[in-house]
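**Q** Curious how this folds, go ahead:
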Amino acid sequence: MKTKSFSFTKEILFKKTADARAVIEEILVQDLPADRFLFAFFKGKKFMGSQDRRFLTESVYSYCRHKLWAQACGAQLREAVGGGKIDLPILLSLYRDLFFNTQQIHELLPEVSESELQELLIAPTNIDSNLEAISLWHSFPIWMLEKWRQQYSVSEINAMCAALNERPPLTVRVNPLMAPREMVINDLKQNGLRCEPTQYSPLGIVFDRRVDLKSLPFYRKGVIEVQDEASQLAAIFVDPQPTDSVWDVCAGGGGKTLLLSSLMKNQGYLLATDTVPEKLNELARRCEKAHVENVESALVSEVEEIEKIQNGVDRLLIDAPCSGSGTLRRNPDRKWKLTPAAVQEFQQQQIALLNAYAKYVKKDGRLFYATCSIFPDENNDVVTAFLSQTVEFRAQPLTMTQEGLSGLLSEGQMTLLPHKHETDGFYLSSIVRN
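**A** The predicted model follows:
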């Protein structure tokens, strides 16, 4: 994603970085993700200009991406710069993300030469072999890297952290019942938008910059929906058929539910549940926009009253609550809120979900387990733990005959990684009822 640099006087920048610091400190002590915090914050600042909103937003995200590095470099430069009013870690974070160039920073900090500033952007020579160097350069807690080291080499962890610090593209998914992807792409291009087909998903479109989706007729009519390519692929690998009964247990706002419905050709029976009423209200709104007719939604607490699932379903998807470590491109503040203890708590919740909902799978039916995590604790370890407790289920390798997708599978499971697949990190596996 391309960035556009900022240009402010030193006095204005002093105030803006101070304001950004106050917001950042509040975000980092709240459970609320940065995007939702800022949405609520800006609703209360209706007279705040677009440039000020953009500066604050980019300051938050850049600092959360580069926190450790920016703090270390800020401390290094503070001696040369002196006391000063400017928040060096925030300024350097924006510099790292190319919102300021070397000349601009030098003009703001004349005590620091341009060559010294350029050296700050040179990665350590030992970064492919040293977790501490990766932790500092890419600003990741060392415990995360040590957890990934159980599964990946140090050089791959370096590549993964670099990818997780990239700004994610805007990706949408076409409803194939309403329009073919090629037609949508051609229409968007004719209207001056730069977009391409996604690398793997046959339904995805990726834009090379931010787009005001609400201005697009395709979006307003439900022809396209925002959905990362990884999430699209998860629903595609579930491979629901028009005659199936399917249950999306943790449906949330319904991104995968809508895609499952279109893959079922708006036929069969699709139940979508969640614990949060507001999410199901959002799902209902999106279903109406997309002309979905085969979805029933309900709170999890109401499922015992739904007759259609009492004899079991053909396919049951649990996209479990998780650490979200695969989505750090979108939620870099999550790096500083997660703890090893929280990951273990998620693991216990995930095993409990499998134990609670497996009984609703028919004989020879399949249960699909998914997370947007790249911690092994929340992925294969959970499935292994569940299977060790039961003789009713066995592992069932994922399969895909669609061209170009079978290569995404390893040992019958799908693990998507941002540095390999340019998607969010994602995991999907399948078990079958004996």
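**Q** For the stretch 51-200 of the chain, which segments count as strands?
**A** For the stretch 51-200 of the chain, applying DSSP state E, counting those that start in this stretch gives strands covering 170-174, 195-197.
**Q** try the stretch 301-434 of the chain
**A** Going by DSSP E, counting those that start in this stretch, the stretch 301-434 of the chain shows strands at 313-319, 361-371, 393-395, 409-410, 413-416, 426-433.
**Q** Other residues contacting the fifth one?
**A** Think strand 413-416. 230, 233-234, 237, 326, 374, 379-380, 397-398, 408, 423-429 (Cβ atoms under 8 Å, 6 or more residues apart in numbering). Quick note: C-beta positions are derived from backbone N, CA and C, even for glycine.
**Q** just to revisit the earlier point, tell me which of the strands of the stretch 51-200 of the chain is the most buried.
**A** strand 170-174 (a mean of 24; mean count of other Cβ atoms under 10 Å).
**Q** How many neighbouring residues does Lys147 have?
**A** By other Cβ atoms under 10 Å, the residues close to Lys147 number 20.
**Q** do you know how far the nearest residue to it once chain neighbours are set aside is from Ser323?
**A** With sequence-adjacent residues excluded and distances taken as Cβ to Cβ, 6 or more residues apart in numbering, Lys147 is closest to Phe375, at 5.7 Å. Distance from Phe375 to Ser323, counting by Cβ to Cβ, to the nearest Å: 6 Å.
**Q** Identify the contacts common to those two.
**A** Joint contacts of Phe375 and Ser323 (Cβ under 8 Å, 6+ apart) are Val343.
**Q** Show the end-to-end separation of stretch 100-114, please.
**A** 13 Å (Cα to Cα, to the nearest Å).
**Q** That stretch: which residues count as buried?
**A** Phe100, Thr102, Gln104, Ile105, His106, Leu108, Leu109, Val112 (16 or more other Cβ atoms under 10 Å).
**Q** Also stretch 218-236?
**A** Of the residues in stretch 218-236, those buried (16+ other Cβ under 10 Å) are 218-219, 222-225, 227-236.
**Q** Stretch 147-166 too?
**A** Of the residues in stretch 147-166, those buried (16+ other Cβ under 10 Å) are 147-148, 152, 154, 156-165.
**Q** ok, so of those residues, who is nearest Lys67?
**A** Asn165 (10.9 Å; Cβ to Cβ).
**Q** Surely the closest one and Ser139 touch.
**A** Yes. With contact defined as Cβ atoms under 8 Å, Asn165 reaches Ser139; the gap is 7.5 Å.
**Q** what do the two both touch?
**A** Arg65, His66.
**Q** got the contact list for the helix or strand hosting Ser231?
**A** Assigned by DSSP states H and E, Ser231 belongs to helix 229-238. Residues from elsewhere that reach helix 229-238 (Cβ under 8 Å, 6+ apart): 171, 173, 198-204, 206, 246, 255-256, 259-260, 263, 315, 317, 319, 326, 368, 370, 372, 398, 400, 402, 405, 408, 414, 416, 421-426, 428.
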